[in-house]
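A.B. asks: Okay, sequence plus prediction incoming.
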Amino acid sequence: QVQLVESGGGLVQAGGSLRLSCAASERTFSNFVMAWFRQVTEKDREFVAAIAWSGGWTSAESVKGRFTISRDIAMNTGYLQMNDVKPEDTAVYYCAVGKVVISMRPDDYDYWGQGTQVTVSS
């Protein structure tokens, strides 16, 4: 059972930057697709970005050019670099892994972290 722990969330002003981390309990990112999703209360989880075992990655249109996903395989840690954040980026951010090709569907991921809150003030 893979365990994921997110960190790095907090309060940031609009236009600022934040880096989220996702620590895995075992060697994960060389075999799995890792993704970041976000959720605002009572809404569906929204795809943010995903990175394949090969290093290829994609992101949602709403964050393209501002957010970058990466991972350090040796450290079993994934990252989401968030630049030029906006108030609409406020949400709980979750990392997830799944043995699938890159997917934007939450159901395609097998393991999830507990989430980290990101709040962007205007």
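C.D. replies: That came in fine, so what should we check first? Please read all numbers here as calculations on a predicted model, not as lab measurements.
A.B. asks: Look up the closest residue to the spatially most central residue of the chain, ignoring the ones flanking it.
C.D. replies: The residue lying closest to the centre of the chain (C-alpha atoms, centre = their mean) is Trp36, at 2.4 Å. Distances taken as C-beta to C-beta, 6 or more residues apart in numbering put Val48 closest to Trp36, at 4.2 Å, once the chain neighbours are dropped. All C-beta spots, glycine's among them, are computed from the backbone N, C-alpha and C.
A.B. asks: shouldn't the one you found be in contact with Val63?
C.D. replies: Yes. Counting by C-beta atoms under 8 Å, Val48 sits close enough to Val63 to count as a contact (5.9 Å).
A.B. asks: picking that back up, if you average pLDDT over whichever strand or helix holds the residue nearest to Trp36, what comes out?
C.D. replies: Counting by DSSP states H and E, the element that carries Val48 is strand 46-51. Strand 46-51 shows a mean pLDDT of 97.
A.B. asks: Tabulate the CA atom coordinates of that strand in CSV.
C.D. replies: Output of strand 46-51 as CSV, limited to C-alpha atoms (Å, rounded to 0.1, in the frame of the first residue of the first chain):
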residue,chain,number,x,y,z
GLU,A,46,-10.4,19.0,-10.5
PHE,A,47,-7.3,17.8,-12.4
VAL,A,48,-4.3,20.1,-12.1
ALA,A,49,-1.3,18.3,-13.6
ALA,A,50,0.2,14.8,-14.1
ILE,A,51,3.6,13.4,-14.8
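A.B. asks: and the helix or strand just after that strand, which strands flank it?
C.D. replies: As assigned by DSSP H and E, the chain's next helix or strand after strand 46-51 is strand 57-59. As defined by DSSP bridges, the strand partners of strand 57-59 come to strand 46-51 (antiparallel).
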